[in-house]
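Trainee: Give me a 3D structure for the following:
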Amino acid sequence: MQKFMIALFESSLSMSVIALIYIAITPLLAKKFSATGRYYAWLVIIVGLIIPFRFHPKVSAIYVDAIIPTLKETANYSLLETVSSAPKTFAAIPWYVPVSGLWAAGVVVFLVYHVIRNRRFQKMVKRWSVEMTDQEVFKIFQDLKSEFGVAQKATLKVCPGISSPMLLGFFRPTILLPAYSIPKDKLELILKHELIHLKRKDLWYKTLVFIAAALHWFNPFVYIVAREISIQCELSCDEQVVKDADSPSRQNYVAAIIGMMKKQTKEQTLFSTHFFGSKQGIQNRVYSIMDAKRKKWGISILIIAAMATLSTGTVLKLSSANSESISSTSASQVEERLKEDNLQNLLTDPISSANNLESDKDGNHSELNVPMNSTMPLLLEDKDDSEPDTSTNDTTPFLFKNDSEADMD
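Mentor: Numbers count the residues shown, from 1 in each chain. From the prediction side, this is the model:
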């Protein structure tokens with residue numbers, strides 16, 4: 001478990017750095033590379049978060065323990081101070097035991113929360129959704145499936161409980177439309193958008209993002225990554241919808257997105273796609289839709305992201321040897337410090353120290369290995385040579401003197 005926790009922290013730190021760099025240079029990449037290539041490059045980073053183990057050479061470029069020596073010393077001193085006042089059983093507990101327990105509890109809470117929320121949403125959809133009865137709309141749906149080559153069976157339903165079209169379901173996918181009327185020209189673009197999600201299996205992609213967020217729930221940058229992936233997902237889908245489209249068609253598509261933005265509600269689930277998405281990415285989506293320039297797919301971005309992910313083990317390493325030494329030597333350090341403290345007290349105040357030892361009636365007192373020939377004479381006061389030493393002349397107790405000696409007294 002210790003190796004897993006160290007590998008998890010390594011991957012969380014290194015992949016967060018890579019993700020933040022990627023987010024920072026995305027506006028520059030958007031000028032030359034397609035949104036689809038940028039979207040699938042994120043998949044490499046997500047896999048790097050889910051699989052934390054890396055190859056570590058004997059020598060790494062950066063050791064985290066070398067970067068923060070002061071923090072390590074402070075942690076060791078705090079641990080020593082804490083354990084010195086606690087029972088010795090706590091000193092033997094390795095650091096990764098409570099840390100792994102806290103991490104596992106966070107994963108469980110994260111999973112349970114989102115699973116319950118998803119089940120509640122599915123019950124609402126199952127209760128209120130009905131099959132599409134408009135034959136004209138159904139025909140448009142079937143024609144678009146043939147055009148995009150979607151072989152997987154999917155149903156089209158209307159649900160009054162939603163305000164934006166969405167794709168729901170892994171094995172029996174369903175495209176849900178809101179109950180209000182949508183113009184036929186805009187409805188065709190909306191159905192294209194959701195069918196592209198279905199063809200690319202974006203729900204499975206979103207599941208991988210969900211797993212990565214569950215494993216790294218403690219890392220705030222993971223939620224930034226999930227939000228950025230959601231934006232790139234919609235951008236890449238929009239790119240496929242308006243491919244080879246003229247300017248009026250692109251403007252009509254933008255109008256459809258803005259129209260859905262006005263009706264957007266908070267009722268949603270992570271395990272579904274949304275035609276509108278979020279307000280944070282609406283500006284980028286409009287610019288991307290109206291940009292008709294030919295761009296490269298972005299295979300080079302995918303390769304660079306893969307190389308950066310695989311090379312994190314040679315760049316960054318958390319030293320497990322030092323972490324093991326903290327747990328293994330803490331007990332001996334505490335015991336040695338307790339002995340030193342008791343010895344110092346004995347040297348400064350021998351009477352109170354002796355009384356403390358005698359006050360334990362159960363006999364559970366600490367024993368100090370103090371040499372009698374070197375330390376104890378320091379505790380005795382120097383005797384005056386002028387005074388006669390009568391302690392050795394009369395060693396017989398008073399009660400055991402004979403009668404003659406008693407008479408003489």
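
Trainee: where do the strands sit along the chain?
Mentor: 62-63, 130-131, 155-158, 166-168, 174-177, 272-274, 316-317 (DSSP state E).

Trainee: Tell me which of the ones you listed lies nearest to P248.
Mentor: In this view, these are compared for proximity to P248 by CB to CB, and strand 174-177 is the closest at 23.9 Å. Yep, even glycine has a C-beta here, placed from its N, CA and C like the rest.

Trainee: partner strands of the closest one, parallel or antiparallel?
Mentor: strand 155-158 (parallel), strand 166-168 (antiparallel) (DSSP bridges).

Trainee: and among those, the most buried is which?
Mentor: Ranked by mean neighbour count, these are led by strand 166-168 with a mean of 22 (mean count of other CB atoms under 10 Å).

Trainee: ok, residues contacting it?
Mentor: Contact with strand 166-168 is made by 122, 125, 173-176, 194, 197-198, 202-203, 268-269, 271-275, as judged by CB atoms under 8 Å, 6 or more residues apart in numbering.

Trainee: so what's P183 up against?
Mentor: Going by CB under 8 Å, 6+ apart, P183 touches no other residue.

Trainee: Pull up the gap between it and V125, please.
Mentor: 24 Å (CB to CB, to the nearest Å).

Trainee: just L177 next, same as before
Mentor: 12 Å.

Trainee: sorry, back to before: nearest to Y113, out of the strands paired with strand 174-177?
Mentor: strand 166-168 (18.9 Å).

Trainee: quick one: average confidence on that closest one?
Mentor: Over the span of strand 166-168, the pLDDT mean works out to 91.

Trainee: show me where pLDDT drops low in the stretch 51-200 of the chain?
Mentor: Within the stretch 51-200 of the chain, the segments meeting pLDDT under 70 span 55-92.

Trainee: Any regions of the stretch 251-400 of the chain where pLDDT drops low?
Mentor: 262-268, 276-280, 313-400.

Trainee: what do you get if the cut-off is 90, keeping everything else the same?
Mentor: 255-288, 291-298, 308-400 (pLDDT under 90).

Trainee: quick one on the thing from earlier: can the strands of the chain go into CSV with extra columns for distance to V107?
Mentor: Putting the strands of the chain into CSV (distance: least, CB to CB, whole Å) gives the following:
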stretch, distance to V107
strand 62-63, 28
strand 130-131, 38
strand 155-158, 34
strand 166-168, 25
strand 174-177, 29
strand 272-274, 22
strand 316-317, 23
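
Trainee: For the helix of greatest length in the chain, name the packing helices and strands.
Mentor: For the chain, the helix with the greatest residue count under DSSP state H is helix 96-128. Counting contacts by 3 or more CB pairs under 8 Å, 6 or more residues apart in numbering; DSSP states H and E, helix 96-128 is packed against helix 2-29, helix 202-215.

Trainee: With mean pLDDT and mean neighbour count added, can I get those in CSV?
Mentor: As requested, those are arranged in CSV below (pLDDT from 0 to 100; neighbours: other CB atoms under 10 Å):
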stretch, mean pLDDT, mean neighbour count
helix 2-29, 92, 17
helix 202-215, 95, 18
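
Trainee: L49 is nearest to which of the ones you listed?
Mentor: helix 202-215 (4.1 Å).

Trainee: Any idea how many residues pack against the nearest residue to K199 once chain neighbours are set aside?
Mentor: Using CB to CB, 6 or more residues apart in numbering and skipping residues adjacent in sequence, the residue nearest K199 is V150, 5.1 Å away. When neighbours are counted by other CB atoms under 10 Å, V150 registers 15.

Trainee: Quick check on V150: phi, psi?
Mentor: phi -90, psi 110 (degrees, to the nearest 10).

Trainee: got the contact list for it?
Mentor: L195, L198, K199.

Trainee: Can you tell me which of the residues you listed lies closest to M5?
Mentor: Of all those, M5 sits closest to L198, with 38.2 Å by CB to CB.

Trainee: Pull up the gap between that closest one and F148, please.
Mentor: Taking CB to CB, one finds L198 at 9 Å from F148.

Trainee: that older thread, just put the contacts of V150 in a markdown table and tack on neighbour count and distance to S164.
Mentor: Formatted as a markdown table, these follow (neighbours: other CB atoms under 10 Å; distance: CB to CB, whole Å):
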| residue | neighbour count | distance to S164 |
| --- | --- | --- |
| L195 | 24 | 16 |
| L198 | 20 | 16 |
| K199 | 15 | 20 |
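
Trainee: Was I right to think I162 contacts I175?
Mentor: No. Using CB atoms under 8 Å, I162 makes no contact with I175, being 11.2 Å away.

Trainee: Now which of the contacts of strand 166-168 would you call buried?
Mentor: Buried by 16 or more other CB atoms under 10 Å: 125, 173-176, 194, 197-198, 202-203, 268-269, 271-275, out of the contacts of strand 166-168.

Trainee: show me the contacts for S249.
Mentor: Contacts of S249 by CB under 8 Å, 6+ apart are V242.

Trainee: Distance check, it against A256.
Mentor: Taken as CB to CB, the span from S249 to A256 is 11 Å.

Trainee: Quick check, pLDDT for the residue nearest to M290 when sequence neighbours are not counted.
Mentor: Spatially, and ignoring its direct neighbours in sequence, M290 is nearest to R250 (5.6 Å; CB to CB, 6+ apart). Among the per-residue scores, R250 holds a pLDDT of 92.

Trainee: With that, I have no additional questions.
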